[in-house]
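Engineer: Any chance you could fold what I've pasted below:
(2 chains)
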2 protein chains.
Amino acid sequence: MSALDDLLAGEPAVAAVGTGFLADAISAQGAVVQSADWRPPPDDVVAALDTITAAGRARVANREAIGRMLAVRPAIVAVAVARDVVPDMGERTFLHAGPPLTWDRCSGPMKGALIGAMIYEGLADTPEEAERLGPEIDLSPCHHHRAVGPMAGVVSPSMPVAILTDSAGEGRSYTTLNEGLGKVLRYGAFAPEVIDRLRWMEAVLAPVLRGVFERRGPVDMVTLISQALQMGDDGHNRNRAGTSLLLRQLGPALIDGDEPVAERFEVFRFIDGNDHFLLNLVMAAGKLQVDAAAGVPGSGLVTTMARNGTDFGIRVSGTGERWFTAPAPVVEGLYLGGFTAEDANPDIGDSAITETVGLGGFAMAASPAIVGFVGGTAAGAVRRTLEMYEITLAEHPDFKVPFLESRGTPVGIDAARVVRTGVAPIINTGIAGKEPGVGMVGAGMVQAPMSCFIQAVQALADEEVET
Amino acid sequence: MSALDDLLAGEPAVAAVGTGFLADAISAQGAVVQSADWRPPPDDVVAALDTITAAGRARVANREAIGRMLAVRPAIVAVAVARDVVPDMGERTFLHAGPPLTWDRCSGPMKGALIGAMIYEGLADTPEEAERLGPEIDLSPCHHHRAVGPMAGVVSPSMPVAILTDSAGEGRSYTTLNEGLGKVLRYGAFAPEVIDRLRWMEAVLAPVLRGVFERRGPVDMVTLISQALQMGDDGHNRNRAGTSLLLRQLGPALIDGDEPVAERFEVFRFIDGNDHFLLNLVMAAGKLQVDAAAGVPGSGLVTTMARNGTDFGIRVSGTGERWFTAPAPVVEGLYLGGFTAEDANPDIGDSAITETVGLGGFAMAASPAIVGFVGGTAAGAVRRTLEMYEITLAEHPDFKVPFLESRGTPVGIDAARVVRTGVAPIINTGIAGKEPGVGMVGAGMVQAPMSCFIQAVQALADEEVET
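Structural biologist: Just a heads-up that it's a prediction; the model follows:
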């Protein structure tokens, strides 16, 4: 739309930043004014930013880190069982989303998902028994095992996982297969139907998909996601196009295959019945990218944003494995029939990896229809993407936004820019019920907590002082 | 985007209408000004518009006609052979796109497609022989046979056709199956590879799809197209999402079927290889809608816009079967490697039926990525859709534009509004080479010739006088 069209179409809006008298003066004249609550960072944070700038290596380090991130070419190559392929996966290892967590600090949906996984693994027969066993299992973040999982993100030894590799490098990553929406394990549900579905996924879905990938070879995720963005996906909470394109890739090998016809038929229908099927695979593609970008000294590139339902945690390239955490925020959004904000657990899931690699909230301008799922307006979706250019290091060379005249999505969050601008990364996400066993209650948007980025900047500054 | 964002992001633009001194004055101050070339219609046309207004029945008639158009629920129900199902289809009947045409007035691509069809039917062995036979075949517009075809739109007796019905009414419509892009019959190509593909479509594609529809039942086109618009399709020149959704619908019946596995595999791959596969089916869905809307006395609702490569023709509800024609205009667009505007045939095809039912150029705001195919900018695509609200009777209840905050697409062109506003319907379209045998040379945009609408308005006024 031209400036003129828009100007004629709506009320003019005024934005005021800083001291209040500007906003007051405009407001007194009857005009709509929006006050931005930006204020300069506290002195010690400014000092940390200055230290990083003075050290002078952030620019080159960031270029190196984002270059590594964008050089990765993720491809889905196979399906296997977690215990056989995921690194350091013991018989009592239960991977979870977000930063490290202990049983006693688990939120309701995380406990629910772990209870379900224990029942699924045959370690417990009842939820009560599983709950008693809880403190004895080995909890470990997916992110420490080259894995990612949406919402609770629980990966237990018997679960099937997809394997992705970097066709331009050496990386490998893993993710579970998406169960669908509603009452599902990753949202904390553990009713018998949830466990039955997981068993069907192990017995039918996984073997059939293993055969499919053996027959057809890898699925290139860069091409697939790029096309999906041209088709209204954001790659996080809208994956209808990407799931459709994946089915087009898998179809021929589902028609001509050795597995029983009824099973191949069921597998097609299962994926067709779940427009979020691609999500986990997009996340695992991102995991390859962020792992490649990690460990560049001096770089503030965010390599992880993840939530375990209790804490929100980030990691940045220059400080490697170290987590910077804050309480998981509450998501603003749309609730499914009968549920309200009262029922919502705080933010949960590794799926913010999509935002970490230029998708999700960062690509919402490509996905106006997503507002029907997460709330807001199409105009707001465009505004959010535009805002994210303020805090990112690059425009994505492959993921383009048609409505922004094919500008690349904002990609590569720089912790220093987040702190300097006061603009927090926007994430769109599902909302889990806070009680174990409930499942999904809604979807919405949330901003990453600023304090994680401040801690990261301070840690980067400390390293510069030590260097 | 808010007005403020846009105002800050770009140069302000000024539009001037009418006498030139306004534009000159602004231009003299160094500002960008766009002169609209609108001028009041000639006196006799104004008189005709006045007659229609004075008669007073257009409003009710238009409401009746658009109501009928939007009440149709098209569904694909079967695949059959043209001679067996298309009404009045003799052994020497060759249907073509657009208004009635004789062999001597056929453009290059129309001749090329007819030559190919004669060879395909076994009436001729060589292009030369077919050309000699040309004057003896029975040419008839698709639109007279409840059928539609893109570009040359040739339907010959042996060709497979899809059958669509109105699940809310009694209508039936027919269309050929889409061959793909490049050297294909509908663009006027008739090389052996073109004929071989048509034979494969008859021998393999059609029987397999017949079986698929028998097994699975109808595919509802309202749901499918609605979803496709949420996924960046315009339903005319961008059908990647719709074709993907169709494959999701057909997949299970292609996995579990009686036909040889190799044929079902090939059929999936053929459709997957052609993102325009859905086009013909969208057109046939539109054909059900426009046929339902025809014949309401006093209504200026446009029920047909179609081009035969020589003439552009329209029909309006109130004057039934009567065509109003003008020379087919030249398309502005993007050319495939090696071709230029010199190689282009004037506008051709029944596919402007998509614009007649609120898709194509009218839905371009839903399809920003289409500009890579037909040219222009995403902002221009939005502007075109917005302009079409000026000349249409309704906002589509099912086909929504996510970027316009889910406003329905402009649907139901009113010939009187076109004439009054001077805004001609915009059509996006493929471009055929003007020499027979060449095939596709590009794609672009074109405006329907104003004189067709003026004739229609005059005919509607004449009927009011006679009444």
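Engineer: And the host helix or strand of A:I163, what does it pack against?
Structural biologist: Assessed by DSSP states H and E, A:I163 sits inside strand A:160-166. In terms of contacts (3 or more Cβ pairs under 8 Å, 6 or more residues apart in numbering or on different chains; DSSP states H and E), strand A:160-166 is packed against strand A:74-81, helix A:82-85, strand A:172-176, helix A:206-216, helix A:279-293. Heads up, the C-betas are built off the backbone N, CA and C, glycines and all.
Engineer: interface residues of the stretch 251-400 of chain A facing chain B?
Structural biologist: Contact residues (Cβ under 8 Å from any Cβ of the partner chain) of the stretch 251-400 of chain A with chain B: A:251-252, A:254-256, A:261-262, A:264-265, A:268-269, A:272, A:368-369, A:371-372, A:377-379, A:382-383, A:386.
Engineer: And the buried ones among these, selectable in ChimeraX?
Structural biologist: Buried residues among these (16 or more other Cβ atoms under 10 Å in any protein chain shown), as a ChimeraX selection:
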select /A:251,252,254,255,256,264,265,268,272,368,369,371,372,378,379,382,383,386
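Engineer: any idea how far stretch A:101-116 is from the chain center?
Structural biologist: 19 Å (Cα atoms, centre = their mean, to the nearest Å).
Engineer: A:Q249 - how many residues pack around it?
Structural biologist: 17 (other Cβ atoms under 10 Å in any protein chain shown).
Engineer: tilt between the strand or helix carrying it and helix A:279-293?
Structural biologist: Remark: A:Q249 resides in helix A:240-255, with elements defined by DSSP H and E. Relative orientation of helix A:240-255 versus helix A:279-293 (axes from the mean of the first three to the mean of the last three Cα atoms, to 10 degrees): 100 degrees.
Engineer: Going C-terminal from helix A:240-255, what's the next secondary structure element?
Structural biologist: Next along from helix A:240-255, by DSSP H and E: helix A:261-272.
Engineer: tell me what that following helix is packed against?
Structural biologist: helix A:206-216, helix A:240-255, helix B:240-255.
Engineer: Would you mind saying which of those helices lies nearest A:D43?
Structural biologist: Each of those has some distance to A:D43 by Cβ to Cβ; the shortest is helix A:240-255, at 45.6 Å.
Engineer: Any stretches of chain A with poor pLDDT?
Structural biologist: A:1-23, A:26-27, A:29-38, A:467 (pLDDT under 70).
Engineer: In TSV: the helices and strands packed on helix A:261-272, plus distance to B:M364.
Structural biologist: Shown next, in TSV, are the helices and strands packed on helix A:261-272 (distance: least, Cβ to Cβ, whole Å):
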stretch	distance to B:M364
helix A:206-216	35
helix A:240-255	18
helix B:240-255	14
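Engineer: who wins for proximity to A:M445 among these?
Structural biologist: Once the helices and strands packed on helix A:261-272 are compared by Cβ to Cβ, helix A:240-255 is nearest, at 18.8 Å.
Engineer: Counting by contacts, list what the lengthiest strand in chain A packs against.
Structural biologist: Secondary structure of chain A read by DSSP state E shows that its longest strand is strand A:392-401. Other elements packing on strand A:392-401 under the criterion 3+ Cβ pairs under 8 Å, 6+ apart are helix A:58-71, helix A:221-230, strand A:407-413.
Engineer: that older thread, could you save the helices and strands packed on strand A:160-166 as TSV and add columns showing mean neighbour count?
Structural biologist: As requested, the helices and strands packed on strand A:160-166 are exported to TSV (neighbours: other Cβ atoms under 10 Å in any protein chain shown):
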stretch	mean neighbour count
strand A:74-81	20
helix A:82-85	15
strand A:172-176	26
helix A:206-216	19
helix A:279-293	27
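Engineer: In CSV, list those along with distance to B:K287.
Structural biologist: Converted to CSV, the helices and strands packed on strand A:160-166 look like this (distance: least, Cβ to Cβ, whole Å):
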stretch, distance to B:K287
strand A:74-81, 41
helix A:82-85, 53
strand A:172-176, 45
helix A:206-216, 37
helix A:279-293, 38
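Engineer: The closest residue to chain B within the stretch 51-200 of chain A - how many residues pack around it?
Structural biologist: In the stretch 51-200 of chain A, the residue that lies nearest chain B is A:G180 (15.3 Å; Cβ to the nearest Cβ). As a burial measure, A:G180 scores 16 neighbours (other Cβ under 10 Å).
Engineer: got it, and A:Q455?
Structural biologist: 23.
Engineer: Is A:I52 in contact with A:E464, as I believe?
Structural biologist: Yes - at 6.0 Å, A:I52 and A:E464 qualify as touching, with contact defined as Cβ atoms under 8 Å.
Engineer: Which of those two has more residues huddled nearby?
Structural biologist: A:I52 (24 against 19).
Engineer: Please identify the buried residues of the helix or strand hosting that one?
Structural biologist: For A:I52, the host element (DSSP H and E) is helix A:43-55. Buried residues in helix A:43-55, counted by 16+ other Cβ under 10 Å: A:45, A:48-49, A:51-52, A:55.
Engineer: could you dump that helix to CSV, C-alpha only?
Structural biologist: Extracted in CSV, the C-alpha atoms of helix A:43-55 (Å, rounded to 0.1, in the frame of the first residue of the first chain):
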residue,chain,number,x,y,z
ASP,A,43,24.4,2.6,33.8
ASP,A,44,26.0,-0.8,34.5
VAL,A,45,24.4,-2.2,31.4
VAL,A,46,25.5,0.8,29.3
ALA,A,47,29.0,0.2,30.7
ALA,A,48,28.9,-3.5,29.6
LEU,A,49,27.7,-2.4,26.1
ASP,A,50,30.6,0.1,26.0
THR,A,51,33.1,-2.6,27.0
ILE,A,52,31.9,-4.8,24.2
THR,A,53,32.1,-2.0,21.7
ALA,A,54,35.5,-0.9,22.9
ALA,A,55,36.9,-4.4,22.6
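Engineer: Does anything pack onto that helix? Which helices or strands?
Structural biologist: Judged by 3+ Cβ pairs under 8 Å, 6+ apart, helix A:43-55 is in contact with helix A:415-421, helix A:450-466.
Engineer: Flag every residue of the stretch 101-250 of chain A that's near chain B.
Structural biologist: A:227, A:230-232, A:240-241, A:244-245, A:247-248.
Engineer: Save those as JSON lines, and put in neighbour count and distance to B:M69 too.
Structural biologist: Listed next are those as JSON lines, based on neighbours: other Cβ atoms under 10 Å in any protein chain shown; distance: Cβ to Cβ, whole Å:
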{"residue": "A:Q227", "neighbour count": "20", "distance to B:M69": "33"}
{"residue": "A:Q230", "neighbour count": "24", "distance to B:M69": "30"}
{"residue": "A:M231", "neighbour count": "26", "distance to B:M69": "28"}
{"residue": "A:G232", "neighbour count": "29", "distance to B:M69": "26"}
{"residue": "A:R240", "neighbour count": "26", "distance to B:M69": "28"}
{"residue": "A:A241", "neighbour count": "31", "distance to B:M69": "29"}
{"residue": "A:S244", "neighbour count": "29", "distance to B:M69": "29"}
{"residue": "A:L245", "neighbour count": "25", "distance to B:M69": "32"}
{"residue": "A:L247", "neighbour count": "21", "distance to B:M69": "33"}
{"residue": "A:R248", "neighbour count": "22", "distance to B:M69": "32"}
